[in-house]
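Student: coordinates only, sequence not included:
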């Protein structure tokens with residue numbers, strides 16, 4: 001098959017997308033140059049590589065807010081990622097930006113997140129020499145860890161969007177900037193939904209002034225925030241000042257009601273201590289880690305390799321390892 005399908009897709013981007021969009025043909029490329037696919041653009045290939053990688057599959061067993069929830073309908077890091085991608089694609093399409101690039105960044109943005117959510121991030125931040133930040137780890141996953149150390153060899157635009165999705169400098173593409181704001185829209189509203197399901201929070205507990213400003217239901221709030229972003233974005237992806245102020249007020253409310261609520265977070269100290277014990281064990285038993293992490297230890301040092309290993313664990317795998325290392329096995333007749 002010749003490359004006519006991909007070339008047609010690239011030509012359609014030029015016709016359909018706005019002049020501020022990042023076209024696939026203008027990508028800064030990959031660290032290791034590759035022959036182009038005959039069917040998919042470079043950003044479509046990145047999206048597919050992320051979906052098919054091991055780190056993406058492990059997100060289904062990583063905490064979003066509630067540690068190891070037993071209910072079927074609580075968010076995990078995987079469902080959060082899919083919800084971010086949906087919101088981000090809606091914004092990108094409305095602004096005539098590159099939907100493929102947007103989706104690839106969205107699907108990859110949390111690949112480096114630890115087991116047990118931000119509790120795991122705090123644990124590794126204590127022991128990682130230069131600190132641990134999940135957005136930096138996500139880039140490390142796609143550059144260094146996946147595919148036995150070869151990485152996914154993604155385009156620069158996708159890696160930059162992943163790196164800049166939380167804090168610090170803005171992504172240099174508008175598509176990357178979308179993820180930063182879509183992530184906020186997704187987590188604040190879906191965390192409310194999960195908290196309501198857990199009985200920690202009721203919709204009526206949210207200050208009436210915020211509900212009147214942002215929306216009376218989860219769906220209304222998401223819709224209103226997305227529309228606000230679409231209306232107020234031009235050379236930068238942004239919310240209006242009023243909407244962003246409302247979002248920050250809602251975040252402050254959630255910080256008190258949910259994010260630091262002992263009912264939601266009471267087990268996090270145990271999770272932190274568990275991961276620190278696992279770290280202490282493997283830092284003294286490097287040879288007991290999987291081969292790919294032993295190779296990382298030889299190249300980048302033991303501390304970095306153990307942090308990489310633990311960061312990649314799912315909640316369930318971390319529990320399995322802890323039980324294997326520290327919980328005695330009982331013998332029965």
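Tutor: Ah, there it is. Since we're looking at a predicted model, the values are computed, not measured.
Student: phi, psi of residue 76?
Tutor: phi -110, psi 180 (degrees, to the nearest 10).
Student: enumerate every residue touching it.
Tutor: 59-64 (C-beta atoms under 8 Å, 6 or more residues apart in numbering). C-beta coordinates here come from the backbone N, C-alpha and C atoms, glycine included.
Student: using a markdown table, lay out these together with distance to residue 234.
Tutor: Below are the contacts of residue 76 laid out as a markdown table (distance: C-beta to C-beta, whole Å):
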| residue | distance to residue 234 |
| --- | --- |
| 59 | 33 |
| 60 | 37 |
| 61 | 40 |
| 62 | 36 |
| 63 | 37 |
| 64 | 32 |
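Student: give me the below-cutoff pLDDT ranges for the stretch 151-300 of the chain.
Tutor: When residues are selected by pLDDT under 70, those of the stretch 151-300 of the chain lie in 264-265.
Student: follow-up on the earlier one: buried subset of the contacts of residue 76?
Tutor: The neighbour-count criterion (16 or more other C-beta atoms under 10 Å) marks 59, 61-64 among those as buried.
Student: residue 19 versus residue 299, what's the distance?
Tutor: When distances are taken as C-beta to C-beta, to the nearest Å, residue 299 and residue 19 turn out to be 43 Å apart.
Student: centroid-nearest residue for this structure?
Tutor: What sits nearest the mean C-alpha location of the chain, by C-alpha atoms, centre = their mean, is residue 110, with 1.9 Å.
Student: that one in helix, strand or coil?
Tutor: coil (DSSP: H, G, I helix; E, B strand; the rest coil).
Student: next up, phi/psi of the residue nearest to residue 39 when sequence neighbours are not counted, please.
Tutor: Counting by C-beta to C-beta, 6 or more residues apart in numbering, residue 39 lies nearest to residue 5, which is 4.8 Å off, once chain neighbours are set aside. Main-chain torsions, residue 5, degrees, to the nearest 10: phi -70, psi -50.
Student: what of residue 327?
Tutor: According to degrees, to the nearest 10, residue 327 has phi -100, psi 120.
Student: residue contacts, it?
Tutor: Residue 327 makes contact with no residue under the criterion C-beta under 8 Å, 6+ apart.
Student: tell me how far it lies from residue 259.
Tutor: Distance, residue 327 to residue 259, using C-beta to C-beta: 30 Å.
Student: so is residue 32 in a helix, a strand, or just coil?
Tutor: Applying three-state DSSP: residue 32 is coil.
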